[in-house]
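1. Requesting a structural model of the entry that follows:
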Amino acid sequence: MNLPMVVPDPSLPTAVTIYEVGARDGLQNEKVTIPTEVKAEFIGRLIDAGLPIVEATSFVHPKWVPQLADAGELISRLDLHGSVALPVLVPNERGLDRALEAGCDHIAIFGSATETFAQKNLNSTLDDQYAMFEPVVSRALAADADVRAYVSMCFGDPWEGAVPIPQVVAAGKRLLDMGAYQLSIGDTIGVATAAHVGALIDAFGAAGVGVDKLAMHFHDTYGQALANAHASLLKGITTFDASAGGLGGCPYAKSATGNLATEDLVWMLTGLGIEHGVDLSSLVATSQWMAANLGRPSPSAVVRALGTPAS
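-> Residues are numbered from 1 along each chain as shown. Have a look, this model is predicted:
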């Protein structure tokens, strides 16, 4: 397999963690029901490719995300206590109940930086979402689970337009202050550009939130995901969400197209000499296999360049 020439940049981190979201965020919006055994094999292949964290599913009500109605069955097929973390997203206390009953000890919550998205995604106001999340976080921590927080619409909102940086920082900091170990900053509709990314990271720093607490979650709607990831590296970010094959979007924001493809991120990191632990050949084969299951080509540029027809 072709690999990029390695030219390290001493100004960048030496290693990063890739938080793989393909099995949850990547598949949640698929219209055709994907069999549980295919999802389980997908997760197994991602683990075998060297990804250290693979978000498995969400314990959301099937009415809202039918694709993830099999969350309990899927989790029963996975090794929750292996070397790879398998987080699950929970929307509320009932979702947490189901996750804890299934034995999950890595929990994620999904908040909003804007009023309209909070109403559409959470059936809540921007302020009231915290009252909903507080018992989820406190109970998860009491059960010895760790909690990661996502905050969405951090760079733009399809209903409200540009989102003020101080508003994003305030929303994210409130989630961290509840006890989340990490905040994933979401460019849900893919409108961020490099300087905007840098300014937001700086604003979090000025508010006392260091880069060790932050992860970046980019969408490639306008082809800016890799540029934004590089801008984040320049600021010292070392955790990036990505989706194998570039799968996914947000079911509540129709303008949210595919996530940053894990393969595209790995290609860039490899060329920069940044350790990531992922076997690119295995990952490309996995995304080709999943694309065949979905009946369409992978949107990842690297998968298209390196992949061969799946058998």
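2. From now on I want contacts and neighbour counts done on CA atoms only, so please keep to that.
-> Noted.
3. for the stretch 151-300 of the chain, what spans make up the strands?
-> In the stretch 151-300 of the chain, the segments counted as strands under DSSP state E, counting those that start in this stretch are 182-187, 214-218, 239-242.
4. Give the pairing partners of the shortest one; include direction for each.
-> Sheet partners assigned to strand 239-242 using DSSP bridges are listed as strand 17-20 (parallel), strand 214-218 (parallel).
5. Kindly compare burial across the ones you listed and name the winner.
-> The highest average neighbour count among the strands paired with strand 239-242, using mean count of other C-alpha atoms under 10 Å, belongs to strand 214-218 at a mean of 26.
6. what's that strand in contact with?
-> 182-188, 190, 225, 228-229, 232, 237-242, 259-260 (C-alpha atoms under 8 Å, 6 or more residues apart in numbering).
7. State the mean pLDDT of stretch 5-22.
-> What stretch 5-22 shows for mean pLDDT is 97.
8. Check the offset of it from the chain's centre.
-> 16 Å (C-alpha atoms, centre = their mean, to the nearest Å).
9. residues near the closest residue to T238 other than its chain neighbours, how many?
-> In space, T238 comes closest to V16 once its chain neighbours are excluded; the distance is 4.5 Å by C-alpha to C-alpha, 6 or more residues apart in numbering. V16 has 17 neighbouring residues, counting by other C-alpha atoms under 10 Å.
10. Surely V16 touches I274?
-> Yes. Under the criterion of C-alpha atoms under 8 Å, V16 makes contact with I274 at 7.0 Å.
11. right, and the strands of the stretch 151-300 of the chain - which one's nearest G205?
-> strand 214-218 (9.9 Å; C-alpha to C-alpha).
12. The closest one versus strand 182-187: what angle between them?
-> Interaxial angle of strand 214-218 relative to strand 182-187 (axes from the mean of the first three to the mean of the last three C-alpha atoms, to 10 degrees): 30 degrees.
13. Could you confirm Y150 falls within a strand?
-> Yes. Looking at Y150 with DSSP: H, G, I helix; E, B strand; the rest coil, it is inside a strand.
14. Wait, it touches A108, no?
-> Yes. Proximity of Y150 to A108 meets the contact threshold set by C-alpha under 8 Å, at 7.3 Å.
15. With the flanking residues excluded, which residue is spatially nearest to A194?
-> N228 (4.8 Å).
16. Where does pLDDT dip in the stretch 51-200 of the chain?
-> Scanning the stretch 51-200 of the chain for pLDDT under 70 picks out no residues.
17. three-state assignment of A40?
-> helix.
18. what's it in contact with, if anything?
-> Taking C-alpha under 8 Å, 6+ apart as the test, what A40 contacts is 74, 77-78.
19. got CSV for those residues, with neighbour count too?
-> What follows is the contacts of A40, written out as CSV (neighbours: other C-alpha atoms under 10 Å):
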residue, neighbour count
L74, 19
R77, 13
L78, 15
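20. So which of these are in helices?
-> L74 (DSSP state H).
21. for the contacts of A40, which one is nearest G103?
-> L78 (10.6 Å).
22. List the contacts of the closest one.
-> Counted by C-alpha under 8 Å, 6+ apart, L78 has contacts A40.
23. could you measure it against Q28, distance?
-> L78 sits 18 Å away from Q28 when distances are taken as C-alpha to C-alpha, to the nearest Å.
24. can you pull out the helices in the stretch 151-300 of the chain?
-> If DSSP state H, counting those that start in this stretch is used as the criterion, the helices of the stretch 151-300 of the chain fall at 165-177, 194-206, 225-234, 262-271, 280-294.
25. Could you report the neighbour count for A194?
-> Using other C-alpha under 10 Å, A194 has 16 other residues around it.
26. give the contact list for it.
-> Contacts of A194 (C-alpha under 8 Å, 6+ apart): 224, 227-228, 231-232.
27. neighbours of the closest residue to T221 other than its chain neighbours, just the number please.
-> Leaving out its chain neighbours, the residue that sits closest to T221 by C-alpha to C-alpha, 6+ apart is G190, at 4.8 Å. Residues within reach of G190, counting by other C-alpha under 10 Å, total 28.
28. can you tell me how far G190 sits from G156?
-> G190 is 8 Å from G156, by C-alpha to C-alpha.
29. related to what we said a few turns ago, I'd like to know which of the strands of the stretch 151-300 of the chain lies nearest to V137.
-> Closest of these to V137 is strand 182-187, at 12.4 Å (criterion: C-alpha to C-alpha).
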